[in-house]
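Enquirer: return a 3D structure for these sequence lines:
(one chain, ligands or ions: 1)
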Amino acid sequence: MSMRDLDFKVVAETFQAMERISARTQLTLVLVKLFKDSPADVIDKTIYLIQGKLGPDWKSIPELGVGEKYLVKAISLAYRVSEDSVYKTFKAIGDLGEVAERLCRQARGKGPVGLASFMAETRRRLAVSRVYDTLLRIAYAEGEGSRDIKIKLTAGLLADAEPIEAKYLVRLIEGRLRVGVGDATILDALSIAYGGGAQARPIVERAYNLRSDLGMIAKILSSEGIEALYKITPKVGIPIRPMLAERGKEASEIINKVGGSAIVEYKYDGERAQIHKEGDKITIFSRRLENITFRYPDVVDLARSYLKAEEAIVEGEIVAYDPDTGELRPFQELMHRKRKYEIEKMVKEIPVKVYLFDILYKDGLDLTVKLLPERRRVLEETVIRTENWTIADYIKVSNPDELNKFFLEAISEGAEGVMVKAIHEDSIYTAGVRGWLWIKYKRDYRSEMIDTVDLVVVGAFYGKGKRGGKLSSLLMAAYDPKTDTFKTVCKMATGFTDEELDKMNEILKPHILKHKHPRVDSRMKPDVWIEPVYVAEVLGAELTLSPVHSCGLDRVREGVGISIRFPRFIRWRDDKRPEDATTEDEIVDMYLRQLKRIEEEPATEQT
Ligand code: ATP
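Expert: Purely as a prediction, here's the structure:
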């Protein structure tokens with residue numbers, strides 16, 4: 001049976017349409033059409049390309065490694081023009097994609113003489129599978145001779161491309177599509193295209209939460225239908241999207257929320273790890289599902305030796321400790337394990353302990369549908385504890401006093417606070433969902449100061465004076481998962497050192513957009529729009545009503561949103577995707593709670 005393919009031109013035209021769109025509903029419709037046009041055989045590849053990727057991030061597919069220089073060479077080869085003239089056109093237009101488009105059109109237009117006519121005759125239509133497979137070969141080409149291979153393969157695609165295809169091929173390869181479609185939008189579009197409508201969304205989403213690979217989910221859905229998605233269970237080697245916690249402010253409220261009694265664990269300040277065991281093969285995924293196995297060879301050894309299962313998926317927190325005193329160290333210490341070449345040294349200098357807190361799968365059994373007490377029981381059966389490989393400390397509580405006592409104990413032991421976890425009859429593992437089954441109760445929530453929030457950069461403003469000409473304040477937004485949009489909450493200009501400011505200008509530059517990104521909802525117009533990719537941790541003084549921001553609009557008062565006063569940059573949160581930012585609901589919630597607190601306080605405080 002022959003494979004059915006899709007013309008790459010359809011994808012290129014979709015990119016073009018997406019560039020002009022500034023409303024998310026339209027974006028979804030364009031994707032629905034694309035997905036319907038795409039045969040099941042290649043829908044996975046279509047989806048990866050639309051996201052400017054070659055697969056889900058956790059597959060750690062190498063970068064293409066084709067920079068500007070190689071691209072210029074490839075363009076020159078494909079269209080028989082000198083590299084010099086490619087550069088000249090590049091200087092004049094400023095966009096390599098458009099350069100390729102123009103030179104491609106010129107090469108086609110040369111009429112039926114010489115090489116151009118030869119090319120016209122031998123040209124094959126570009127199909128999605130060929131583009132995808134070729135890009136994959138480019139990515140995996142390494143070592144001696146890989147430079148020529150990368151250039152030749154790129155030139156081969158360009159030679160067969162039509163002008164519009166050439167433009168988006170180049171942008172794809174450069175990683176500069178700037179149309180950034182979020183997972184949520186793709187899930188919406190898939191539900192409409194193949195699930196029969198929006199009502200299919202929860203099923204599609206659940207499947208995606210358990211098997212974090214949009215291409216794979218799309219393929220199953222389009223070839224076998226929605227019924228097949230009901231049957232999806234976790235699989236070792238494929239990361240499960242993590243279950244997330246809501247924030248609690250006060251012990252009695254928390255106890256109420258979890259239904260009267262709960263398991264309370266230390267909240268360790270480390271890095272979340274989802275550890276997969278498949279025989280002897282161990283894979284570790286981060287909070288954002290990146291493969292971080294190489295950073296923790298010590299944890300790999302522990303998992304290999306001390307899990308009593310052929311196959312298992314467990315979750316825990318990896319925490320650094322001081323080998324001299326045994327004391328736990330803050331999360332920042334783990335950052336030393338980022339550099340590949342120093343790992344062995346760091347394993348000795350910054351040893352880690354693993355505190356496991358959940359088990360999601362064991363030897364064919366899907367445990368995500370089991371209740372927490374059952375999962376804890378299986379976890380305890382499965383884990384052989386050693387000094388550096390253990391289960392999170394916990395107690396069972398059924399009133400606020402017990403909770404507070406344990407909370408104080410946790411803090412005095414150097415934990416960040418506690419995690420309160422429901423044990424009632426609905427306490428399953430809700431992959432990918434932030435809900436009240438888990439509640440984080442941290443030190444800072446008790447103080448006057450609001451907690452830090454994680455916000456997404458969606459725009460920027462140029463500075464004045466010493467900072468003239470540089471982007472020096474950022475328009476920051478919270479995430480709204482219901483509409484998959486980013487809604488602004490503040491303009492942030494403090495907290496950066498001069499050095500950080502320079503670095504920020506550098507990293508933001510490739511993400512500057514000509515118009516507002518379709519997933520951004522803003523009432524304010526910044527000097528430049530920025531593609532929502534970067535997340536920063538922000539500390540503010542207080543939350544106030546605001547007529548200029550879109551976050552929380554109409555939620556507290558008609559026509560008014562919520563903003564953060566005196567926001568200050570704390571640090572970049574590269575471990576978070578924009579969709580992991582603080583949500584609009586959380587901001588509204590924080591605002592309402594702060595309000596309550598002010599009302600409750602004796603009036604004498606304020607003069
Ligand atoms: P998140 O979006 O994951 O809530 P965050 O960094 O803003 O991210 P935190 O306030 O740090 O959230 O709280 C949640 C994180 O706490 C978890 O993702 C996990 O890494 C960590 N954690 C520490 N101890 C535990 C525990 N016992 N159970 C669950 N998570 C824990």
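Enquirer: point out where this protein drops to low pLDDT.
Expert: For the chain, residues meeting the criterion pLDDT under 70 lie at 1, 110-122, 412, 414, 443-450, 595-607.
Enquirer: look through it and state the residue closest to the ligand.
Expert: Closest residue of the chain to the ligand, Cβ to the nearest ligand atom: R272 (3.1 Å). No exception for glycine: its C-beta is placed from N, CA and C like everyone else's.
Enquirer: bridge partners for that residue, pull those for me.
Expert: Beta bridges link R272 to E317, judged by DSSP bridges.
Enquirer: same question, the one 10 residues further on
Expert: With DSSP bridges applied, I282 shows beta-bridge pairing to K277.
Enquirer: contacts for stretch 83-102 next, please.
Expert: Residues outside stretch 83-102 that contact it (Cβ atoms under 8 Å, 6 or more residues apart in numbering) are 68, 71-73, 75-76, 103, 158, 161, 163-164, 166-171, 174, 176.
Enquirer: and those residues, which are buried?
Expert: Among the contacts of stretch 83-102, those scoring as buried are 71-73, 75-76, 103, 158, 161, 163-164, 166-171, 174, 176 (criterion: 16 or more other Cβ atoms under 10 Å).
Enquirer: which ones, among these, also lie beside the ligand?
Expert: Counting by Cβ under 6 Å from any ligand atom, nothing from the buried ones among the contacts of stretch 83-102 sits close to the ligand.
Enquirer: those in helices, which ones?
Expert: Mapping the buried ones among the contacts of stretch 83-102 onto helices (DSSP state H) picks out 71-73, 75-76, 103, 158, 163-164, 166-171, 174.
Enquirer: related to what we said a few turns ago, how many other residues sit next to the residue of the chain closest to the ligand?
Expert: Neighbour count of R272, defined by other Cβ atoms under 10 Å: 17.
Enquirer: and what of P481?
Expert: For P481, the count of nearby residues is 14 (other Cβ under 10 Å).
Enquirer: which residues touch it?
Expert: Taking Cβ under 8 Å, 6+ apart, we find P481 in contact with A184, E579, T583.
Enquirer: A477 is in contact with the last one, correct?
Expert: Spelled out, that is T583. No - under the criterion of Cβ atoms under 8 Å, T583 makes no contact with A477, lying 10.7 Å away.
Enquirer: who has more neighbours, these two?
Expert: A477 (29 against 20).
Enquirer: circling back to that earlier point, so can I have CSV of the contacts of P481 showing secondary structure?
Expert: Output for the contacts of P481, formatted as CSV (DSSP: H, G, I helix; E, B strand; the rest coil):
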residue, secondary structure
A184, helix
E579, helix
T583, strand
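Enquirer: with distance to S473 added, can I get those in a markdown table?
Expert: Listed next are those as a markdown table, based on distance: Cβ to Cβ, whole Å:
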| residue | distance to S473 |
| --- | --- |
| A184 | 28 |
| E579 | 24 |
| T583 | 23 |
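Enquirer: and whatever helix or strand V99 lives in, what's buried?
Expert: Taking DSSP states H and E as the criterion, V99 maps to helix 96-109. Neighbour counts over helix 96-109 (16+ other Cβ under 10 Å) mark L96, G97, E98, V99, A100, E101, R102, L103, C104, A107, R108 as buried.
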